[in-house]
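Q: When you get a sec, could you give me coordinates for this:
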Amino acid sequence: MDPDPSQVYPVREDTLLLLEAALAGAGPSDRVLELGTGSGYIARHLAGKVTLVVATDVNPHACRAASSPGVGVARTDLTAGIRGQFDLVLFNAPYLPTGPGERLDDWLEKALDGGESGREVIARLLPDLPRVLAPGGRLLLVISDLTGVDEVLGLLRDAGFRAGIVREERIEGERLMVIRAIRPANL
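A: The predicted model follows:
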């Protein structure tokens, strides 16, 4: 079955911002895990520049769209079933605050729906992140100022990570940011 492009998160400003941060922060020996890969645009750009790229998405259309030489693709929810540790984890998380009445039941909506606070998917990731992120490894996470920057930084710090904003851009009245969180060796 071919992917339905209308059900795959397209390359947008947040994708490009995360790609800039990933290209600036990835080294040739890095093993990279991209969560919620969508179209696979970032994973394809990193393939051949790093040691390994694995991309995941819960959306079957996205997994088909992301499939390409040099990129391992797995259909899974966040890190479920992922084995091994990675030096760099990338995540353009569903970060938009979404109330119950605003939810649609389709795959594209899952790429946008961050729950009522905009932080629900991010909060679900954090308990399992140390299992897949190597000591000293980095998480690059895209959020919007609509998500609550201080709250996201607080979640990361409360989970034991050192975190700060490394890139930002204003788009259509909202501020997009890439947060880098570093896993300490003792976590």
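Q: Find the least confident helix or strand in the protein, judged by mean pLDDT.
A: Within the chain, no helix or strand scores below helix 107-112, which has a mean of 60 by mean pLDDT, DSSP states H and E.
Q: Only C-alpha atoms, please: export the helix or strand following that helix in CSV.
A: Once the chain leaves helix 107-112, the next helix or strand it forms, by DSSP states H and E, is helix 120-125. In CSV, the C-alpha atoms belonging to helix 120-125 read as follows (Å, rounded to 0.1, in the frame of the first residue of the first chain):
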residue,chain,number,x,y,z
GLU,A,120,1.5,15.2,27.2
VAL,A,121,3.5,13.3,24.5
ILE,A,122,6.7,14.9,25.8
ALA,A,123,5.9,13.8,29.3
ARG,A,124,5.2,10.3,28.1
LEU,A,125,8.6,10.1,26.5
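Q: what's helix 120-125 packed up against?
A: Other helices and strands packing on helix 120-125, by 3 or more Cβ pairs under 8 Å, 6 or more residues apart in numbering; DSSP states H and E, are helix 149-158. (Each C-beta comes from the backbone N, C-alpha and C, glycine too.)
Q: May I ask you to name the longest strand in the chain?
A: Identified as the longest strand of the chain according to DSSP state E is strand 133-144.
Q: Y41: neighbour count?
A: Neighbours of Y41 under the rule other Cβ atoms under 10 Å: 21.
Q: Number of residues surrounding A80?
A: Neighbour tally, A80, other Cβ under 10 Å: 10.
Q: gap between it and E174?
A: 30 Å (Cβ to Cβ, to the nearest Å).
Q: And for F86?
A: According to Cβ to Cβ, F86 and E174 sit 29 Å apart.
Q: which of the two has more neighbours?
A: When F86 and E174 are compared for neighbours, F86 comes out ahead with 24 against 14, by other Cβ under 10 Å.
Q: Surely the more buried one and L33 touch.
A: Yes - assessed by Cβ atoms under 8 Å, F86 is found in contact with L33 at 4.1 Å.
Q: residues bridging contact with these two, i.e. touching both?
A: 54, 132 (Cβ atoms under 8 Å, 6 or more residues apart in numbering).
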